[in-house]
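Colleague: Please work out how this folds:
(chains A and B)
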2 protein chains.
Amino acid sequence: MPSNKSNSIKIYNSLTGKKELFKTITKGYVGMYVCGPTVYSNVHLGNLRTFISFDTIYRYLNHIGMKIRYIRNITDVGHMVNDSTEDRISEKARIEKIAPMEVVQKYTNDFHDTLKKFNLIPPSIEPTAQGHIIEQIELIKTMIGKKLAYEKNGSVYFDVIEYNNSNEYGILSKRNIEDLIHNTRKLDGQSDKKNPQDFALWKKAESQHIMKWHSPWSLGFPGWHLECTAMSSKYLGEKFDIHGGGMDLKFPHHECEIAQANACFNTNPANYWVHANMLTLNGSKMSKSTGNSVLPKEIISGDNKLLSKAFSPSVIRFFMMQAHYRSILDLSNDALVASEKGYNKLMDAIDNLDNIKVSNKTEFNVKNWISNCYKAMNDDFNTPILIAQIFDIVKFINLVKAEKAKIKASDLKDIKTKLNEFVFDVLGLEKNKSNTSNDKIKSVIEILIELRDKARNDKNFKLSDKIRDDLKNAGIILNDSNGKTDFTIN
Amino acid sequence: MPSNKSNSIKIYNSLTGKKELFKTITKGYVGMYVCGPTVYSNVHLGNLRTFISFDTIYRYLNHIGMKIRYIRNITDVGHMVNDSTEDRISEKARIEKIAPMEVVQKYTNDFHDTLKKFNLIPPSIEPTAQGHIIEQIELIKTMIGKKLAYEKNGSVYFDVIEYNNSNEYGILSKRNIEDLIHNTRKLDGQSDKKNPQDFALWKKAESQHIMKWHSPWSLGFPGWHLECTAMSSKYLGEKFDIHGGGMDLKFPHHECEIAQANACFNTNPANYWVHANMLTLNGSKMSKSTGNSVLPKEIISGDNKLLSKAFSPSVIRFFMMQAHYRSILDLSNDALVASEKGYNKLMDAIDNLDNIKVSNKTEFNVKNWISNCYKAMNDDFNTPILIAQIFDIVKFINLVKAEKAKIKASDLKDIKTKLNEFVFDVLGLEKNKSNTSNDKIKSVIEILIELRDKARNDKNFKLSDKIRDDLKNAGIILNDSNGKTDFTIN
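Modeller: The predicted model follows:
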């Protein structure tokens, strides 16, 4: 199978704006860092899409035999509320009247529970910002030593103008430093900065602030951007392969990470910058205040007025995989209903593979099909193209099942193997287990209903009543209407 | 219900060796710290018992309306391998050829997965030792400042002799300092200590050591005992209500915690020291090397030669609850089989509550029963006595079900409420969902087997064969032997 070699993968690099051949620093090994959630609220559906996108990339690289160290952090300090001096977690702690670390724990647990439901593989390491204060302090010392950061009133800022003299601030987001200077507002509490576009590396804590640590400059806390530089360099080294995150993190977060890494280690930290695009809902940006919003758990429970029913995590994941990670994806009830149909069709075809008659020839180019599946994923992890390929084989399986096409035993075996690998290992879908066991009990009940129908036709009412009563004792209620019988399982 | 008041709880305090009235520092609030696992291997069944014991205490305090801040830490650095200078996590990282933080992640995930299966409620905060290096450094500075700790060659040790001059080292474990001095061996690499019983607060890292941090004394790592003092004081204050852990932690770990807290804050950190007893297997200590060992996941899967079958997490939890947390508990296959019977009987009785005929009087003292349940738990969380009470009501429910006893509607309602609260909220048991759905399909298949038997007796082989074939198509295989029919569900 020639096309699954890791040296033929192309990845779109946000840094260059081009698809590039993926060459790892060490052959066969990948270092990948993905910006994780700020744990101050239930994980947002848009963020979930980002994490599922990188989970699929991780799964594919694993599948082709690469050894990946995958780091996804937890931001539990330093992420400020827009235009304020309050940390998002501190704000939530104030609102919920619990300790900041209780906020962190509550939403970290929610994050893990949700990701588990959607079948994401845990990263190799999931470090926290609070767990790396010393490392962040050491980086700040280095930047001050190089005169790329300065202390003022107990806080430390990165000097963007000074940095830009020998580097290029805006290299990732393609922003012009001059425009940035003119467009940045002067805000209260930021008057310590030399220039408004400078960003905080360390903030002196106000007296009522709970999350604070000793440092050479003040009792305070680190700036948000710094943690990722500290943790990625600690666990992946100063230079690694892939840095991922949501599109919204490109600026300022990733831009600042590049500046910090250049300042500390004289290098852009990652060779490939990969960004997952956003998710809209019914054509518009999601927003709690307008009511155009849905949480992951609400899709699973169906408990949201924008949805007609519940959808399983695998259906939602399948829906997301039908779009490329770099495209905007619009979620709607109709789109989910359509995806559910496709997902069920796919699962039925996989089940059918066990009940197929083999013959002495195959009327399908299986080798070519496998090669096309790899080509799709090698082309910047193009899952919608992979799914199109998968539905080509579904169509063929259904033809064979209907005895309108033929397949050899060896090809059936290859299709089984590769279909299972792509659907379950790479796309991360799961068979709906409760459905499987439900299907079984339904089939058995249908046998009894058929026997009962026959008994009624034969006027053997003793038997038909016995079947109804026995089922009732087992908690299954038969309902006759319009000459048909359905049932309820209690 | 007078006996459920929080001010009537008695707790056995290891510090005084007595059951004492539980008085919290702040009325209605409880601060509880429990020593968590060192994440270098799959969680041990004995440790699981400890965590289930404290989960039950947490659940009961919650049930009676107290507001608890429950801290259970993760030890991810500093826990040394016996008699060596190697950290347990570093050792495992060396053996498994992955980064120490990958070891931490792997076994933290396993720990969380296992606890979830056994229905433990996550603590309010689950802090990590690595996440609190700065706090530990600050405590060391304080102890050096008070001359209760000293630095030698980049490492810092607690001076037990000096401490014992004004305090009592051994107060919890009832050990005599003189005996300790004579019984402590001189070990290699510990020659920096003034006295062999001194313990490390900070260790200078050897050059190949990966887990190390900057400190005023060396690039190194904290000693194991220190983290709990740092995290408990950070999240619960210098003095809190309950400190829990396994019996094996009494010495040296908890003894050292008391010494550190006295040194830093002039107080024993907790008012009540609570210790859960050990678990043996077939009468002996568990040990991997002798093969007398079973992992939590092996009991759930039944995949261990010491077990005849699989047991559900709720059955295992029920088994553990049948012993008091301060008693040694011996696990064996027979004991689990017996617990499963009891658990099933209990679940049946709870199901029966929905199908009971009420009458105009109650032949059972329900108020007294409720009061006795609370009395059991208020007496040092005596779950075996609570379970005995629960089986009194099970017996009564079964009498009523058999129409040999009577119950009023209002009493039935009270029994339902309290039984559900004690069984599910306090003891943390769960209904076995997969069993419920399995039981249903089994009942339906049994109806078909009966119909088939009748058809065979009537020589109606067309029908009997049809039933067998239809079931086969639904994935259920009938096996006839010795005139009886059983089945396999594929």
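
Colleague: and the closest residue to chain B within the stretch 101-250 of chain A, what is it in contact with?
Modeller: Using CB to the nearest CB, A:G131 is the residue of the stretch 101-250 of chain A that sits closest to chain B, at 3.7 Å. No exception for glycine: its C-beta is placed from N, CA and C like everyone else's. If a contact means CB atoms under 8 Å, 6 or more residues apart in numbering or on different chains, then A:G131 has B:128, B:130-131 as its contacts.

Colleague: Which residue ranges of chain A form strands?
Modeller: Listed from the start of the chain, chain A has strands (DSSP state E) covering A:10-13, A:18-21, A:29-34, A:67-72, A:149-152, A:155-158, A:199-204, A:220-222, A:240-246, A:270-276, A:279-281, A:329-331, A:476-481, A:484-489.

Colleague: And the ones you listed: which comes nearest B:D241?
Modeller: Set against B:D241 and scored by CB to CB, the strands of chain A come closest in strand A:220-222, at 29.1 Å.

Colleague: quick one: buried residues of that closest one?
Modeller: Of the residues in strand A:220-222, those buried under the neighbour-count criterion (16 or more other CB atoms under 10 Å in any protein chain shown) are A:220-222.

Colleague: For the strands of chain A, which has the smallest mean pLDDT value?
Modeller: Taking each of the strands of chain A in turn, the one with the lowest mean pLDDT is strand A:484-489, at a mean of 80.

Colleague: which residues does A:G283 contact?
Modeller: When contacts are counted by CB under 8 Å, 6+ apart, A:G283 is found next to A:330, A:332.

Colleague: 6 Å - rerun?
Modeller: By CB atoms under 6 Å, 6 or more residues apart in numbering or on different chains, the contact set of A:G283 is A:D330.

Colleague: Which pLDDT value belongs to A:N355?
Modeller: On pLDDT, A:N355 comes in at 85.

Colleague: And for the nearest residue to it once chain neighbours are set aside, the neighbour number?
Modeller: Excluding the flanking residues, the one nearest A:N355 by CB to CB, 6 or more residues apart in numbering or on different chains is A:K401, at 7.3 Å. Here the number of neighbours of A:K401 (other CB atoms under 10 Å in any protein chain shown) works out to 16.

Colleague: Repeat that for A:V315.
Modeller: 22.

Colleague: Say whether chain B is contacted by stretch A:76-92.
Modeller: No: Stretch A:76-92 lies out of reach of chain B by CB under 6 Å from any CB of the partner chain, never closer than 8.9 Å.

Colleague: Dump that stretch to PDB, restricted to CA.
Modeller: Taking Å, rounded to 0.1, in the frame of the first residue of the first chain, the C-alpha atoms of stretch A:76-92 are listed here in PDB:
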ATOM      1  CA  ASP A  76      -6.400  27.300  34.700                       C
ATOM      2  CA  VAL A  77      -4.900  30.700  35.400                       C
ATOM      3  CA  GLY A  78      -4.100  33.900  33.500                       C
ATOM      4  CA  HIS A  79      -6.700  34.000  30.800                       C
ATOM      5  CA  MET A  80      -8.200  37.500  31.300                       C
ATOM      6  CA  VAL A  81     -11.800  38.600  30.700                       C
ATOM      7  CA  ASN A  82     -11.800  41.000  27.800                       C
ATOM      8  CA  ASP A  83     -10.900  44.500  28.600                       C
ATOM      9  CA  SER A  84     -10.700  43.900  32.300                       C
ATOM     10  CA  THR A  85      -8.000  43.000  34.900                       C
ATOM     11  CA  GLU A  86      -9.900  39.900  36.100                       C
ATOM     12  CA  ASP A  87      -9.000  36.400  35.300                       C
ATOM     13  CA  ARG A  88     -11.800  34.300  33.700                       C
ATOM     14  CA  ILE A  89     -11.500  31.600  36.500                       C
ATOM     15  CA  SER A  90     -11.500  34.200  39.300                       C
ATOM     16  CA  GLU A  91     -14.600  35.900  37.800                       C
ATOM     17  CA  LYS A  92     -16.400  32.500  37.700                       C
END
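
Colleague: For that stretch, buried residues please.
Modeller: Neighbour-count burial for stretch A:76-92 flags A:76-80, A:85, A:87-92 (criterion: 16+ other CB under 10 Å).

Colleague: want to try TSV for the contacts of A:G131, with pLDDT and distance to A:I316 as columns?
Modeller: Written out in TSV, the entries for the contacts of A:G131 read as follows (pLDDT from 0 to 100; distance: CB to CB, whole Å):
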residue	pLDDT	distance to A:I316
B:T128	97	32
B:Q130	96	35
B:G131	97	33
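
Colleague: Out of those, name the ones that lie in helices.
Modeller: Using DSSP state H, no member of those sits in helices.

Colleague: Chain A: which of those is nearest?
Modeller: Distance ranking of the contacts of A:G131 against chain A, using CB to the nearest CB, places B:G131 first at 3.7 Å.

Colleague: And that closest one, how close does it get to A:E135?
Modeller: With distances defined as CB to CB, to the nearest Å, the gap from B:G131 to A:E135 amounts to 12 Å.

Colleague: who's in contact with stretch A:442-450?
Modeller: A:467, A:485, A:487, B:444, B:470, B:474.

Colleague: Kindly export it (C-alpha atoms) in PDB.
Modeller: This file holds the C-alpha atoms of stretch A:442-450, laid out as PDB (Å, rounded to 0.1, in the frame of the first residue of the first chain):
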ATOM      1  CA  LYS A 442     -36.400  -6.000  19.100                       C
ATOM      2  CA  SER A 443     -35.600  -8.900  16.800                       C
ATOM      3  CA  VAL A 444     -36.600 -11.400  19.400                       C
ATOM      4  CA  ILE A 445     -39.800  -9.600  20.200                       C
ATOM      5  CA  GLU A 446     -40.700  -9.500  16.500                       C
ATOM      6  CA  ILE A 447     -40.400 -13.300  16.400                       C
ATOM      7  CA  LEU A 448     -43.000 -13.500  19.200                       C
ATOM      8  CA  ILE A 449     -45.300 -11.000  17.500                       C
ATOM      9  CA  GLU A 450     -45.200 -13.000  14.300                       C
END
